[in-house]
Every structure is written in structure tokens, then in C-alpha cells.
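Visitor: quick one: sequence plus predicted model below, questions after.
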Amino acid sequence: MSIQAKAKVLIVDDERVHRFMLRSMFAEWGWDTTEADDGSTAVAAVEQGPFDAILMDVRMTTMDGMEALKRIHAINPAIPVVIMTAFSSVDSAVAAIKQGAHDYLTKPLDFDRLRTTIEVAMGHRQRDADAHDIGQPFGNDGHIIGKSTPMQELWEMIVLVAPTEATVLINGESGTGKELVAAALHHNSQRIKGPLVKVNCAALVETLLESELFGHERGAFTGADRRREGRFVQAQGGTLFLDEIGVTSPGMQAKLLRVLQEHELQRVGGQDTIKVDVRILCATNCDLEGEVAAGRFREDLYYRLKVVELWVPPLRERQGDIPLLANYFCRNFADKNGRQVGGITPECMDVLNRYPWPGNVRELEHSIERGVILMRGEYLDIGALPQAIQRWAGINPSKEVEEPSTLKEAERILILKTLEETGGNRSEAARRLQITRKTLLNKLKSYNIS
């Protein structure tokens with residue numbers, strides 16, 4: 001059931017008398033109603049505000065229910081739609097369900113079944129909000145969250161590829177969850193007993209990256225006061241995840257290619273050859289094929305890395321997953337911060353569903369974390385969302401929420417805001433805040449910001 005005191009139901013029917021009867025009955029059942037006399041009017045109503053459920057006729061004058069169903073789900077796929085018609089047809093029922101309808105009723109309506117169907121639809125929506133994985137959880141790295149078609153297809157590929165030894169190239173925009181996909185591949189592989197070692201290639205200059213990956217001998221360079229094993233050796237028997245592989249220099253690419261071909265390496269400043277048994281997973285948010293064409297990325301390395309290529313869809317292409325993600329993050333950050341959160345208001349969820357999320361899941365996660373920290377009431381509402389999202393929704397951001405009461409709170413808000421603006425890029429956020437990345441990481445840990 002909706003978290004509101006009264007559920008909001010949209011009644012869509014071109015028969016005024018039928019709408020009146022339904023409105024009266026729904027009022028007796030404790031539901032608020034809005035009426036629309038045509039599919040086009042219903043679409044406009046959904047664009048204006050959220051509903052917990054929609055009861056819609058099929059046969060209408062300007063826009064029929066099937067077309068309206070398609071357009072409504074394009075706007076907000078989380079709203080359950082129950083189709084009703086006087087023209088009972090198995091074909092129509094199948095078509096409605098395939099197009100995303102929650103259920104199908106025939107006129108004259110059985111009122112007991114009507115009430116049960118709408119209650120189940122609203123309960124189904126809440127259960128969807130409570131669900132938070134599309135497959136099995138893996139390790140301590142979290143869950144892949146989503147039940148949309150693109151995410152189901154991704155999960156099927158993960159299940160198929162994970163048990164193999166294939167090198168995998170994970171493509172996707174920044175903030176889509178490529179690291180989680182890498183973790184899923186490792187934790188569902190035969191190397192599960194070995195370590196999963198992660199390296200962000202963009203966070204280190206070439207000389208430091210070489211030492212980080214291959215290790216170094218004592219005295220190899222200034223400050224090398226002892227021998228250090230690199231990440232390849234640390235990942236022995238397990239998986240090495242190279243994030244942002246597209247930014248590596250030509251020299252580093254040549255060295256990586258040698259390790260992939262020969263399964264051996266040398267420490268920086270060393271002469272000994274070390275055999276390594278490591279599965280390589282890579283990720284990038286850039287067009288590696290375009291980088292190859294431009295001469296900035298080695299073609300032979302590119303084809304070595306993309307034995308299997310996975311694409312992590314942006315959040316705008318999996319809009320139906322937004323309620324699942326938002327509710328999962330809300331519960332998670334409420335627990336971490338010791339906050340009592342009843343849930344997310346329908347109005348706030350409606351804005352979350354509509355917003356384009358250029359920073360993808362990472363931006364949504366940071367927005368919910370900020371909202372949980374700054375919310376004033378029992379439920380997460382629009383006023384606690386980042387100002388950029390409020391302005392996008394045509395709302396004047398609340399100054400009350402933005403004014404911290406302590407210096408510590410002000411610093412926390414500034415860090416969250418900077419992370420928002422940089423799409424979660426910690427190195428860039430540290431640069432803008434004029435602090436070192438290590439200092440930023442310490443502050444994130446002290447403020448319990450994930």
C-alpha cells in the first residue's frame with residue numbers, strides 16, 4: 001500500500017456515470033481519486049503528478065487505453081495500470097498484459113474483485129520497491145539491483161560468462177555500476193576462493209600505476225625503501241579488475257599486453273620473471289574502438305581485452321528500476337546513519353522517475369544519501385533532494401534544508417554537493433575542494449559517506 005494516508009487512484013473512462021460510480025465507491029474504500037475522460041487526458045494527468053494505481057478503460061474516443069498505457073509507462077513505468085473493458089477478449093487481455101498492464105477486468109465489474117485487484121496492484125508496487133536484486137547476491141560487494149529487461153539481459157550474460165576464464169571488457173557510462181558487474185563476474189566464477197583486486201587506472205600517473213600493477217624492487221626509485229608486490233601478484237589465483245583502462249598510456253598498454261600474452265611480469269627495477277595466474281576484467285566509459293581508430297589505444301590490446309564485451313545500460317534506459325534503487329538506497333542510508341525513514345513520498349518518487357539522471361545510478365545514490373541526511377520529516381520528500389533536481393522539477397529549493405546548523409554539517413553538505421557535481425569522481429571532487437584525495441577519503445569515512 002502507498003505510504004500516504006490515502007492512496008491516489010486515477011480513473012480513466014469516457015462514461016461519466018461510470019466514473020461517478022467508481023469515484024463514490026473508491027471514496028468509501030478510503031482512496032482519493034482523480035478522473036480522466038480519455039487516454040490523452042490520463043497521460044496529461046500522469047505528467048502532472050503521481051498515482052498509486054490507474055484503472056483505465058480500453059475503448060475511448062481520442063486515445064484508447066492501450067496507447068495510453070504505453071505512454072503512461074514511458075513517463076512513469078512504476079505505476080500499476082489495471083485495464084477494464086466491456087469487450088472481453090483473450091487477445092486483448094494478453095496484449096494488455098504484454099504491454100505492461102498489471103491486470104485485466106471486464107465490465108460489468110465485479111466490485112469485490114475490483115477492490116482486491118487495485119489493492120494487489122498497489123501492494124505489488126510496494127513489493128517492487130522492497131525488492132533489491134535480480135539474481136543471487138554476491139559476496140560483500142552489494143547487489144545488482146534491477147528487474148528491467150536490459151538488466152535481466154545483463155544478468156543472463158554475467159551468469160553465462162562468469163564461470164569461464166574469458167577476459168571481459170565492461171562498457172558503460174560513468175556511474176552505471178561497472179564495478180558491481182566486475183564483482184558479480186568474480187563472485188560467480190570458479191575463482192571465488194581467490195581475491196578480487198581492483199585498480200583505478202585513472203587515479204594514478206603512469207610511473208605509479210606501473211609500480212602499483214607490477215610491484216617494485218627496493219631502490220627502484222626514490223622512496224622505494226623495500227620490495228613491494230604489485231596488484232597482479234596480489235590477485236594470484238583470483239581476478240584483477242582494471243577500471244578506466246582507456247586512460248592508460250601507450251607504454252603501459254604495451255606492458256599490459258605482454259602480461260596478457262605471456263602470463264608473466266617483472267617488478268619495476270627487477271630482473272626476475274614472475275609467473276601470474278590472474279583473470280583480467282576491464283572497464284571503461286570511453287569508446288575504445290574510437291580510441292583505437294584515433295591511434296590512442298593499441299588495437300592488439302583492445303582485442304585481447306574484449307574477448308567478451310558487456311554493456312551496462314544507463315539509468316535512463318532502465319527507468320523501471322528507479323523505484324527499486326531509490327528504496328534500496330533509502331533503507332541502506334537510513335540504517336547507516338541511524339535515521340528513522342518511513343519511505344519515499346509518491347511526489348518525490350515521481351520526480352525521481354522523471355529526472356534524466358545524467359550521473360546514472362551513482363547520482364541517484366548520492367541524491368538519496370543526501371536526502372536521508374537532510375530530511376526533516378518521517379518520509380523522504382522533494383525538499384530533501386539536491387537543488388539541481390528540485391530546479392529541474394520546477395520547484396524553488398528550500399533554503400531551510402540547505403542551511404547547516406554546524407560547521408561539521410556544512411562541510412558534509414559541501415562534500416556531498418561537490419560529489420554530486422563531479423558525478424562521484426573523488427579525484428575531481430578533491431581537486432575542487434582543494435584537498436588531497438587521501439584527505440577526502442578520510443572525511444568520507446568519518447562522515448559515513450559511501
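Guide: Structure's in. What do you need? Residues are numbered from 1 along each chain as shown.
Visitor: strands along the stretch 301-450 of the chain, start to end?
Guide: 308-311, 343-344, 379-380 (DSSP state E, counting those that start in this stretch).
Visitor: give me the sheet partners of the first one and which way each runs.
Guide: For strand 308-311, the paired strands and their directions (DSSP bridges) are strand 168-171 (parallel).
Visitor: burial count for the residue lying closest to I274 once chain neighbours are set aside?
Guide: Once flanking residues are discounted, I274 sits nearest to L265: 5.6 Å by Cβ to Cβ, 6 or more residues apart in numbering. Every residue, glycine included, has its C-beta placed from N, CA and C. Neighbour count of L265, defined by other Cβ atoms under 10 Å: 23.
Visitor: what does H263 give?
Guide: Applying other Cβ under 10 Å, we find 13 residues neighbouring H263.
Visitor: which phi and psi does the closest residue to it other than its chain neighbours have?
Guide: Nearest non-adjacent residue to H263, counting by Cβ to Cβ, 6+ apart: V276, 5.8 Å away. Here is the backbone geometry of V276 (degrees, to the nearest 10): phi -130, psi 140.
Visitor: ok, the most centrally placed residue in the chain to R298 distance?
Guide: Centrality entry for the chain: nearest residue to the mean C-alpha point is V361, 3.2 Å, by Cα atoms, centre = their mean. Separation of V361 from R298 (Cβ to Cβ, to the nearest Å) stands at 31 Å.
Visitor: correct me, but E289 touches Y302?
Guide: Yes - between E289 and Y302 there is a contact under Cβ atoms under 8 Å: 7.3 Å.
Visitor: between the two, which has more neighbouring residues?
Guide: Y302 (18 against 13).
Visitor: list the contacts for the more buried one?
Guide: Contacts for Y302 (Cβ atoms under 8 Å, 6 or more residues apart in numbering) come out as L288, E289, V292.
Visitor: re earlier: any idea of the pLDDT on the residue nearest to the centre of the chain?
Guide: As predicted, V361 sits at a pLDDT of 94.
Visitor: that one is in contact with T176, isn't it?
Guide: Yes - using Cβ under 8 Å, V361 makes contact with T176 at a distance of 6.1 Å.
Visitor: which residues do the two both contact?
Guide: L315.
Visitor: for T207, which three-state class applies?
Guide: Secondary structure state of T207, per DSSP: H, G, I helix; E, B strand; the rest coil, is helix.
Visitor: against E210, how distant is the closest residue to it other than its chain neighbours?
Guide: Spatial nearest neighbour of T207, excluding adjacent residues (Cβ to Cβ, 6+ apart): F221 at 7.5 Å. Applying Cβ to Cβ, the value for F221 to E210 is 10 Å.
Visitor: more neighbours: which of these two?
Guide: Per other Cβ under 10 Å, whichever of F221 and E210 has more neighbours is E210, with 21 against 12.
Visitor: for that one, what are its contacts?
Guide: By Cβ under 8 Å, 6+ apart, the neighbours of E210 are M252, K255, V268.
Visitor: can you count the residues close to the closest residue in space to K275 that isn't next to it in sequence?
Guide: For K275, ignoring the flanking residues on the chain, the nearest one in space by Cβ to Cβ, 6+ apart is E264 at 5.2 Å. Residues contacting E264 under the criterion other Cβ under 10 Å number 12.
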